[in-house]
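Engineer: Mind folding the following:
(one chain, ligands or ions: 2)
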Amino acid sequence: MDMDDVFVQPPENRPNVPVVEATTIPVINLSPLRTKTGSLDVLASKLREAIQDWGFFVVTGHGVPKETVARAVQVSRAFFALSAEEKEAVRRTEESPMVGYYDAEYNRNVRDWKEIFEFFPTEPRPVGAADGAQLCKNKWLCDDDLPDFRDTLMEYAKAMEELAFMLLELISRSLNLSPHRLHGFFRDQTTILRINHYPPCPKPNLTLGSGCHKDCGALTILYQDDVGGLDVRRRSDGEWVRVNPARDSFIVNIGEIIQVWSNDKYESVEHRASVNSEKERFSIPYFFNPSWSTVVEPLKEIVSKEDPSRYNGYNWGEFYSTRRKAILRKQVGHIKTQTAQFKKQSHVQKSELMFS
Ligand SMILES: O=C(O)CCC(=O)C(=O)O
Ligand SMILES: [Fe+2]
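Structural biologist: Ligands and ions are numbered 1, 2, ... in the order given. Predicted structure coming up:
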C-alpha cells in the first residue's frame, strides 16, 4: 500500500527510529490518596518533581477496575472495525465540530495517520456561543449498530472523572494550594473522551499518528495498549523519548490550562504518537477540561509582585470551540488557535509564538 503525500512530515519532525526509551518517567502510586493513609505531602512533592522534570507521569494504585478498561478497549476496536459508511453517520461536521468520528486531522499542515471518535461525557452548556445548541451535541450510533458502545465508554469516562479529581487534589497540594482549590472550575465540565485508532502504516518513518503537539486543556489521562508509540519531548535535552506501555497504569500529562493557572511553574510538554508498519494501535485520552465560561488566568495565590501574571485571561469555551473549528478547516498551527497568544509580550519567547 502506498502513502499519500499529505501524511509526510517535514524532515525535522520525522520520527528517528529507534527513539530513545524513557525508562525514567516517574511513577506515582495513588494508593495513599485513595486510602487516606501515608503522607500526602511526600506524594505531592514527588508529583511536583515529576511535573517539573517531565510534565508527564505514570499513575498506579488508581483504583480503576481492569474490566472497565478492557471493555472500553473492546468497544473501541469494534467501533473502528465498522464500515466507512457506518462511521460516516457520526462524522464531525461544521455544525458540530467538537465531537464525533474524524479521520482527517491536520497538525501543522500534515495529516495524522489515525482515526478518532470523541464525545462529551456530560454535554456542556456553551454559554454565550451563537451556534449554541448544536455545538456540543454528542453523536452516537444507534444501539443496534454497536450494542453497549455508549454505555461502556460512559462507564470508562466515569472512572476517569474520579481519577481526575484525585489528581486535581494532588496537583493543588503540590502547588501549595488548598486541596479543593481547583475543583470549582470543573463543576460544569467541557471534558472530552477520545478513542484513537492508528492503523498499521507502510511508511512509519515519514509520518506520525498524532503530530507533535501540546494538550490545551487542564489534564490528560491516557490509556495506551501494549503496542507503544507515545513519544515525549524530554525537557532536559529536547530529545524525543518513547513512553513504554506499562500494565494497569495510565499516563498523565499537564495541559496548558494548568500551565497558565500555575503562571508557568508547571509547563505543558510536547508529545506525539508514532506508528508502525505491523501493528494497529489503540489509545484512549481523557481530556479533563473546565467549564465553558471559565476565564483561564494565573491563580491569585500564585502570582506576586516578584512573579507577576504572565498571561492575559481568556475565555476557555470560546478558545476551545475556535480551536476545534480550526481543526476542521485544517488551520491548527495558526497563532489564533494557540494558548501562547495569551502570553504577555514581556514573557514571550520566540519559540512559543510558533506552534504548540
Ligand atoms: O495516542 C497517543 O499515545 C497520544 C495521543 C495524544 O497525545 C492526544 O490524542 O492528544
Ligand atoms: Fe496529546
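
Engineer: Report the secondary structure element holding the residue of the stretch 251-356 of the chain found nearest ligand 1.
Structural biologist: Of the residues in the stretch 251-356 of the chain, the one nearest ligand 1 is S283, at a distance of 3.4 Å by C-beta to the nearest ligand atom. Heads up, the C-betas are built off the backbone N, CA and C, glycines and all. Using DSSP states H and E, S283 sits within strand 281-288.

Engineer: In the sheet, which strands lie alongside that strand, parallel or antiparallel?
Structural biologist: If you go by DSSP bridges, strand 281-288 pairs up with strand 192-198 (antiparallel), strand 219-224 (antiparallel).

Engineer: SS state for the residue of the chain positioned farthest from its centre?
Structural biologist: For the chain, the C-alpha lying farthest from the average C-alpha position belongs to K305; by C-alpha atoms, centre = their mean, that distance is 32.7 Å. Here K305 is coil, with the state taken from DSSP: H, G, I helix; E, B strand; the rest coil.

Engineer: Roughly how far does it sit from K66?
Structural biologist: As judged by C-beta to C-beta, to the nearest Å, K305 and K66 stand 50 Å apart.

Engineer: lowest average confidence, helix or strand, in this structure?
Structural biologist: Across the helices and strands of the chain, mean pLDDT, DSSP states H and E gives its lowest value to strand 20-21, namely a mean of 72.

Engineer: which stretches of the stretch 201-350 of the chain form helices?
Structural biologist: Along the stretch 201-350 of the chain, the segments classed as helices by DSSP state H, counting those that start in this stretch run 256-261, 316-328.

Engineer: Over to the stretch 1-150 of the chain?
Structural biologist: In the stretch 1-150 of the chain, the segments counted as helices under DSSP H, counting those that start in this stretch are 31-35, 40-53, 66-80, 84-88, 132-135, 149-174.

Engineer: on that earlier part again, what's the most buried one of the helices of the stretch 201-350 of the chain?
Structural biologist: For these, the largest average neighbour count (mean count of other C-beta atoms under 10 Å) is found in helix 256-261, namely a mean of 25.

Engineer: Just the mean pLDDT for it, thanks.
Structural biologist: Confidence over helix 256-261, taken as the mean pLDDT, stands at 98.

Engineer: swap in stretch 92-105?
Structural biologist: According to the model, stretch 92-105 has a mean pLDDT of 90.

Engineer: hmm, who's touching it?
Structural biologist: Stretch 92-105 has contacts (C-beta atoms under 8 Å, 6 or more residues apart in numbering) with 87-88, 90-91, 111-112, 114-120, 131, 134-139, 192, 320-321, 324-325, 327-328.

Engineer: Which residues of the stretch 201-350 of the chain lie near ligand 1?
Structural biologist: Counting by C-beta under 6 Å from any ligand atom, the residues of the stretch 201-350 of the chain lying close to ligand 1 are 210, 215, 222, 224, 229-230, 271, 273, 283, 285.

Engineer: which two of those lie the greatest distance from each other?
Structural biologist: Considering C-beta to C-beta, no two members of these lie farther apart than D215 and G229, which are separated by 16.4 Å.

Engineer: quick one on the thing from earlier: relative orientation of the strand holding S283 and helix 149-174 in degrees?
Structural biologist: Between strand 281-288 and helix 149-174, the angle formed by their directions is 60 degrees, by axes from the mean of the first three to the mean of the last three C-alpha atoms, to 10 degrees.

Engineer: what's the spacing between strand 281-288 and its chain's center?
Structural biologist: Taking C-alpha atoms, centre = their mean, to the nearest Å, one finds the center of strand 281-288 at 7 Å from the center of the full chain.

Engineer: I'd like the strands paired with strand 281-288 laid out as CSV, including mean pLDDT, distance to E95 and mean neighbour count.
Structural biologist: Written out in CSV, the entries for these read as follows (pLDDT from 0 to 100; distance: least, C-beta to C-beta, whole Å; neighbours: other C-beta atoms under 10 Å):
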stretch, mean pLDDT, distance to E95, mean neighbour count
strand 192-198, 98, 17, 22
strand 219-224, 98, 26, 23
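
Engineer: Serialize the ones you listed to CSV and add fields for distance to S45.
Structural biologist: Below are those laid out as CSV (distance: least, C-beta to C-beta, whole Å):
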stretch, distance to S45
strand 192-198, 31
strand 219-224, 19
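
Engineer: Since that was my last question, I'll sign off now.
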